[in-house]
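K.L.:
my questions are about this predicted structure, shown below with the sequence.
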Amino acid sequence: MPIIEVPWVKLPKSKFEQLKNGMSGVIFGISPEYVAKILYSKGKEEYNLRDDEKALDELKHEFDICHKLYKNNVGNVPKPLGIERLEIYERAYYSFIMEYIHLPRGDELEFLKLGKATNLVKEEVDKAMDIELLPGRDVLNPANFFYDSTKDIVRIIDFGRWE
Ligand SMILES: Nc1ncnc2c1ncn2[C@@H]1O[C@H](COP(=O)(O)OP(=O)(O)O)[C@@H](O)[C@H]1O
Ligand SMILES: [Mg+2]
């Protein structure tokens, strides 16, 4: 599965560090322990952070899935904190606050480790289905999991497309 690099124009500096961009969200580091995911939309040439009510619903959905996985000990997902309005660039944006995971992402692993990690993700996917969750089609995308080689576990993120 290809990693899709978002041709993201870096946002102007803010008090929070813009860590990474995905296909639909920007991740800001808000402390060494926590990150905030804010959704964005793409205009003609620019990207805009979203603070509409639909963005709130989408983040709530993502929080709910993450919370259910966390509670059931599936996927070693980041601890979900909640939805907050984060003040940034003099406006407030809905954001999903969760634990900051400091591990190599799937796409940063060497070939054999990536194979191992991918199999672990598949095992977690089966456990998720046992608790009646339907993983997103992008769950095996190496940009959507981290791998802890000392503990030999994967940590799954990005629940936007889960049901
Ligand atoms: N809890 C987290 N801790 C550390 N980095 C994260 C965390 N959540 C997301 N990221 C980083 O941000 C990127 C985009 O987040 P993601 O939830 O996948 O957004 P999108 O829905 O846009 O794909 C991830 O690929 C990852 O590098
Ligand atoms: Mg993603």
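P.N.:
Received the coordinates, thanks. Ligands and ions are numbered 1, 2, ... in the order given.
K.L.:
mind listing what residue 25 touches?
P.N.:
Residue 25 makes contact with 37, 38, 39, 40, 158, 160, according to Cβ atoms under 8 Å, 6 or more residues apart in numbering. C-betas here are computed from N, CA, C, even on glycine.
K.L.:
could you single out the nearest of those to ligand 2?
P.N.:
Proximity of the contacts of residue 25 to ligand 2 (Cβ to the ion) peaks at residue 158, which lies at 3.7 Å.
K.L.:
ok, and which of the contacts of residue 25 reach ligand 1?
P.N.:
37, 158, 160 (Cβ under 6 Å from any ligand atom).
K.L.:
quick check: ChimeraX command selecting the buried ones in those.
P.N.:
To isolate the buried members of the ones next to ligand 1 among the contacts of residue 25 in ChimeraX, using 16 or more other Cβ atoms under 10 Å:
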select :37,158,160
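K.L.:
the ones next to ligand 1 among the contacts of residue 25 in strands, which ones?
P.N.:
residue 37 (DSSP state E).
K.L.:
how about the lowest-mean-pLDDT helix or strand in the chain: buried residues?
P.N.:
Between all helices and strands in the chain, the lowest mean by mean pLDDT, DSSP states H and E belongs to strand 47-49, at a mean of 86. Within strand 47-49, the residues that qualify as buried are 47, 49, counting by 16+ other Cβ under 10 Å.
K.L.:
so what strands line up beside it?
P.N.:
strand 34-42 (antiparallel) (DSSP bridges).
K.L.:
could you check the strand it pairs with against ligand 2 for contacts?
P.N.:
No: residues of strand 34-42 are not located near ligand 2 by Cβ under 5 Å from the ion, the shortest gap being 9.5 Å.
K.L.:
so which bits of the chain are right by ligand 1?
P.N.:
20, 22-25, 27, 35, 37, 78, 98-101, 105, 143-144, 157-158, 160.
K.L.:
and those residues, which are buried?
P.N.:
Buried among those by 16+ other Cβ under 10 Å: 22, 24-25, 27, 35, 37, 78, 98-101, 105, 143-144, 157-158, 160.
K.L.:
tell me which element residue 154 falls in.
P.N.:
Residue 154 belongs to strand 153-156 when assigned by DSSP states H and E.
K.L.:
the residue of the chain most remote from its centre is in what secondary structure piece?
P.N.:
Taking Cα atoms, centre = their mean, the residue of the chain most remote from its mean C-alpha position is residue 44, at 24.9 Å. For residue 44, there is no enclosing helix or strand under DSSP H and E.
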